[in-house]
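Visitor: here is the input, now give the coordinates:
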Amino acid sequence: MHSSRRPRPRHQPPSGLARLRRPVVAAATLAVGVAMITACGSDDSGTPDVPTVTPATAAEAPATSQPAGLTVPAPAGSRALASSGRTVAVVSPDGRQLLRFDAARMTAPPTSVEVPGLTALAPDTDGGYLGVGPGALVVVDAQGAARTAGLDTDSPTAVVRAASGEIVVGTADGRVLIYDGDFENGQLRMRHDLREFVRVDSLTAAPAAAEGLDGQIVVLDRAQSSVTPIDPESGEPGPALRAGNGATTSTVDRFGRILVANTRDGEILGFYGSPLVMRFRYPVADGPYAVDYDDTRNLLWVSTTANNEVVAYDLADGEPTEKQRFASVVQPDAITVDDAGTVYVLSARDGRLQVVPPPGAPLGVAAVEPGR
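Guide: Got it, this is the predicted structure:
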């Protein structure tokens with residue numbers, strides 16, 4: 001899933017953004033109590049004493065499907081999926097290989113880059129990738145050259161590069177580590193170590209072109225079902241907002257809108273602004289889970305794992321409108337969209353990587369028309 005966006009010309013938010021309907025339930029700071037919330041005690045690591053929920057996970061998928069487009073083999077149990085430039089990459093099940101596919105030749109074998117046990121992957125600038133694993137952060141450039149630095153955690157879960165250049169890492173025990181983006185003597189200097197969360201499951205970075213957001217980072221914490229903005233330069237967090245009762249994944253679009261799958265409640269949620277405000281919540285059946293935004297066609301793509309499908313929504317009018325859907329690989333727990341608008345879906349069960357291009361794409365793949 002995309003967590004950051006490459007620089008683009010400055011844009012005002014789409015006209016529909018100002019007309020977004022009021023949320024069904026007002027977004028508020030984390031003072032809401034629901035039946036499933038329990039107390040989380042603090043410990044010596046600094047984990048906050050806050051209400052928590054059982055972290056939501058993807059709905060179990062049917063055992064079979066007839067996926068649209070093209071599928072290519074990837075190792076069963078691959079850990080992560082991302083696209084950058086004209087490549088799409090997965091991390092091998094043991095985390096020690098970054099497998100990069102050429103988007104123009106998806107049936108060709110991927111090239112392999114040796115990496116130190118990655119647990120999370122994100123696109124980087126200029127066609128590169130960022131990866132993190134226990135004690136290690138890796139920057140892979142567009143040519144496949146990798147640089148590795150030490151990381152002050154054994155449990156990284158997410159990584160993103162801020163528009164201002166900092167590299168931000170989230171951890172399973174709720175830390176957010178902010179590093180200078182440039183290597184010095186083979187290492188990265190840590191600027192901030194925040195211990196504000198129960199866990200960090202997703203990080204998004206507002207693009208530089210997003211008006212009025214100052215490149216804010218937004219943290220999704222499944223244990224609190226919350227989203228929280230952070231200033232990557234000062235390290236200061238803003239107010240946390242509830243994201244339903246079971247938020248799982250998030251992405252960001254070119255306007256800086258934060259788009260969240262609330263899997264437990266069967267919704268997609270939209271947040272925008274500084275301070276962050278919930279702008280919409282919209283029902284989605286069959287277990288919405290993986291999300292990514294298509295900046296080429298201005299569509300939010302959402303996988304629904306309970307029926308092995310992927311659905312596209314147009315957000316231009318403020319309220320999501322379904323524009324397209326297609327059958328996916330089994331258990332579509334990861335999705336990414338490249339700069340050409342091609343959608344890639346990774347099966348969490350059998351390792352197949354699905355490729356569905358936009359209409360007219362010269363990939364030798366039958367494009368899926370709206371409504372199919």
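Visitor: Asp286 and Ser328, how far apart?
Guide: Remark: distance between Asp286 and Ser328 (C-beta to C-beta, to the nearest Å) = 11 Å. In this view, the C-beta of every residue, glycine as well, is placed from N, C-alpha and C.
Visitor: mind checking which of those two has more residues around it?
Guide: The neighbour comparison of Asp286 against Ser328 (other C-beta atoms under 10 Å) goes to Ser328, with 31 against 16.
Visitor: check contacts around that one.
Guide: Ser65, Pro67, Ala68, Ser303, Asn308, Glu309, Val310, Val345, Gln354 (C-beta atoms under 8 Å, 6 or more residues apart in numbering).
Visitor: ok, now Pro358?
Guide: Residues in contact with Pro358 (C-beta under 8 Å, 6+ apart) are Thr296, Arg297, Ala340, Gly341, Thr342, Ala367.
Visitor: now for Asp286 and Ser328: what residues contact both?
Guide: By C-beta under 8 Å, 6+ apart, the residues touching both Asp286 and Ser328 are Glu309.
Visitor: just give the number of residues close to the residue lying closest to Leu276 once chain neighbours are set aside.
Guide: Sequence neighbours aside, Pro229 is the residue nearest to Leu276 in space, at 5.0 Å (criterion: C-beta to C-beta, 6 or more residues apart in numbering). Pro229 has 24 neighbours, counted by other C-beta under 10 Å.
Visitor: and Pro229, what's its pLDDT?
Guide: Looking at Pro229, its pLDDT reads 98.
Visitor: what's the helix or strand hosting it packed up against?
Guide: Pro229 belongs to strand 226-230 when elements are defined using DSSP states H and E. If you count contacts as 3 or more C-beta pairs under 8 Å, 6 or more residues apart in numbering; DSSP states H and E, strand 226-230 packs onto strand 217-221, strand 241-242, strand 247-252.
Visitor: neighbouring strands of the shortest one in the sheet, and parallel or not?
Guide: Read that as strand 241-242. Strand 241-242 pairs in its sheet with strand 226-230 (antiparallel), by DSSP bridges.
Visitor: quick one: the closest residue to Ser226 other than its chain neighbours from Pro288, how far?
Guide: In this structure, Ser226 finds its nearest non-sequential neighbour in Ala240, 4.7 Å apart by C-beta to C-beta, 6+ apart. Noted for Ala240: a distance of 22 Å to Pro288, by C-beta to C-beta.
Visitor: and what of Arg325?
Guide: Counting by C-beta to C-beta - Arg325 and Pro288 are separated by 12 Å.
Visitor: got it, and Thr251?
Guide: Per C-beta to C-beta, Thr251 is found 12 Å from Pro288.
Visitor: also Arg352?
Guide: Distance, Arg352 to Pro288, using C-beta to C-beta: 21 Å.
Visitor: Gln187 pairs with what?
Guide: Legend: beta-bridge partners of Gln187 under DSSP bridges are Glu184.
Visitor: count of residues packed around it?
Guide: Other residues near Gln187 number 13, with proximity taken as other C-beta under 10 Å.
Visitor: repeat that for Pro73.
Guide: Residues near Pro73, counting by other C-beta under 10 Å, number 12.
Visitor: tell me who's in contact with the residue nearest to Ser164 when sequence neighbours are not counted.
Guide: In space, and not counting its chain neighbours, Ser164 is closest to Gly215: 5.0 Å by C-beta to C-beta, 6+ apart. Gly215 makes contact with Ala162, Ala163, Ser164, Ala205, Ala206, Pro207, Ala208, Pro232, Glu233, according to C-beta under 8 Å, 6+ apart.
Visitor: if we use 7 Å, what do you get?
Guide: Applying C-beta atoms under 7 Å, 6 or more residues apart in numbering, we find Gly215 in contact with Ala162, Ala163, Ser164, Ala205, Ala206, Ala208, Pro232.
Visitor: which of those ranks first by neighbour count?
Guide: Neighbour max across the contacts of Gly215 (other C-beta under 10 Å) = Ala206, 29 neighbours.
Visitor: which residue ranges of the stretch 201-350 of the chain form strands?
Guide: Along the stretch 201-350 of the chain, counting by DSSP state E, counting those that start in this stretch, strands occupy 202-205, 217-221, 226-230, 241-242, 247-252, 258-262, 267-272, 277-283, 288-294, 299-304, 309-314, 321-327, 332-337, 343-347.
Visitor: follow-up on the earlier one: tell me how far the strand holding Pro229 lies from the chain's centre.
Guide: 14 Å (C-alpha atoms, centre = their mean, to the nearest Å).
Visitor: quick one: residues contacting Val260.
Guide: Contacts of Val260 by C-beta under 7 Å, 6+ apart are Leu220, Val227, Ala243, Ala247, Ser250, Ile268, Leu269, Phe271.
Visitor: can I get the residues you listed in JSON lines including neighbour count?
Guide: JSON lines is the format used below for the contacts of Val260 (neighbours: other C-beta atoms under 10 Å):
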{"residue": "Leu220", "neighbour count": "26"}
{"residue": "Val227", "neighbour count": "25"}
{"residue": "Ala243", "neighbour count": "28"}
{"residue": "Ala247", "neighbour count": "28"}
{"residue": "Ser250", "neighbour count": "25"}
{"residue": "Ile268", "neighbour count": "23"}
{"residue": "Leu269", "neighbour count": "25"}
{"residue": "Phe271", "neighbour count": "24"}
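Visitor: great, nothing more from me.
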